[in-house]
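A.B. asks: Got a sequence here, can you build the structure:
(one chain, ligands or ions: 1)
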Amino acid sequence: MVVIAACVHSAPSLPGPELEPSITAFQRTILGALSGETEIRPGLKLANRMDIANKREARAYLAAQLTAIGLTAERQPYGTDSENVYAILACGKPGAEAVVFGAHYDSVRVAPGANDDGTGVVAVLATARELVKTKNRTRDLIFAFFDEEERGLVGSRNFAQMLKDRNRAIHSVHTIDQVGWDENANRAIELEIPYEGAVDFYKQAAAALKMTMPIWETPETGSDHVSFRRLGYKAVGITEEYRHKDTTPFIHKAGDTFATINWPYLASTTRLMIQVMTMLTNS
Ligand SMILES: [Zn+2]
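C.D. replies: Predicted coordinates:
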């Protein structure tokens, strides 16, 4: 019998299209609870994630999700009753850089915030769920959920400052906000003020997955990526076609509900992010 040795340096397996149904099942469960479609705990449905009692429920729920994935949930309280929730997936190499992938979990008061930004939150969680399975990572990953984006990027500003204060070596920061609307079904995403090389990198990730959607670059400053850039970090925002006018008409409205979410688009965007994070932590 001839035994053929396997390649020693095996590349991580690609997140293929067969992954998308399981991404969707996972995301529907979590986004259902966050957006008041289903009970977040017995007897309680969230009307929004602005009121403090609701935000406390959302934080506890997100921390529990991180724990369920196998990560250790950490909290960054700031101000009077504000808090970022995050987890570090360490690569085990001393002094390794980290890649940050985050989304804001708060909403405006009138909206359930399913798309804005429940979709970003479940994209981060589904990515974390896959990345914990990868081996031989060369960088740490920090998965973060920011408070108070809707009050002026307050949570992300505090999170960026914490990284600075800890003198953390950061490769790049990726924040995702509103990835649940794709009426023209072209699967396109926009990269907001991408750091140098980011667009090419995302296009390489898409090409590796044989995805052919447009990946646009825009100058949009309306989300958390700005907080990191202000402190000198390489940052990029990821969103639906906000500037290209294929974006939810329900932003900051009561209609931003679970029922409006385009699940296949959310899953395909998430699959791209899994590939981006895998490549960033295997280079
Ligand atoms: Zn948002």
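A.B. asks: State the distance from the single nearest residue of the stretch 151-283 of the chain relative to the ion to residue 262.
C.D. replies: In the stretch 151-283 of the chain, no residue comes nearer to the ion than residue 177, which is 4.1 Å away by CB to the ion. Glycine gets a C-beta too; all of them are placed from N, C-alpha and C. For residue 177, the distance to residue 262 (CB to CB, to the nearest Å) stands at 15 Å.
A.B. asks: could you pull out the strands for the stretch 51-200 of the chain?
C.D. replies: 74-78, 82-89, 98-104, 140-146, 170-176, 189-192 (DSSP state E, counting those that start in this stretch).
A.B. asks: need these in a markdown table with distance to residue 52, can you?
C.D. replies: Formatted as a markdown table, these follow (distance: least, CB to CB, whole Å):
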| stretch | distance to residue 52 |
| --- | --- |
| strand 74-78 | 13 |
| strand 82-89 | 9 |
| strand 98-104 | 16 |
| strand 140-146 | 16 |
| strand 170-176 | 23 |
| strand 189-192 | 29 |
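A.B. asks: For the closest residue to residue 253 other than its chain neighbours, give me phi and psi.
C.D. replies: Among residues not flanking residue 253 along the chain, residue 111 sits closest, at 5.9 Å (CB to CB, 6 or more residues apart in numbering). Backbone torsions of residue 111, given as degrees, to the nearest 10, read phi -120, psi 140.
A.B. asks: Nearest to the spatial middle of this protein, which residue is it?
C.D. replies: residue 124 (3.1 Å; CA atoms, centre = their mean).
A.B. asks: State the distance from that one to the ion.
C.D. replies: As judged by CB to the ion, to the nearest Å, residue 124 and the ion stand 13 Å apart.
A.B. asks: residues in contact with the closest residue to that residue other than its chain neighbours?
C.D. replies: Nearest non-adjacent residue to residue 124, counting by CB to CB, 6+ apart: residue 103, 5.0 Å away. Shown in contact with residue 103 (CB atoms under 8 Å, 6 or more residues apart in numbering): 117, 120-121, 123-124, 144-146, 175-177, 224.
A.B. asks: Reformat the residues you listed as a markdown table; add pLDDT and distance to residue 168.
C.D. replies: As requested, these are arranged in a markdown table below (pLDDT from 0 to 100; distance: CB to CB, whole Å):
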| residue | pLDDT | distance to residue 168 |
| --- | --- | --- |
| 117 | 98 | 24 |
| 120 | 98 | 22 |
| 121 | 98 | 22 |
| 123 | 98 | 23 |
| 124 | 98 | 18 |
| 144 | 98 | 12 |
| 145 | 98 | 18 |
| 146 | 98 | 16 |
| 175 | 98 | 16 |
| 176 | 98 | 20 |
| 177 | 98 | 22 |
| 224 | 98 | 17 |
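A.B. asks: gap between the residue of the stretch 151-283 of the chain closest to the ion and residue 149?
C.D. replies: According to CB to CB, residue 177 stands 7 Å off from residue 149.
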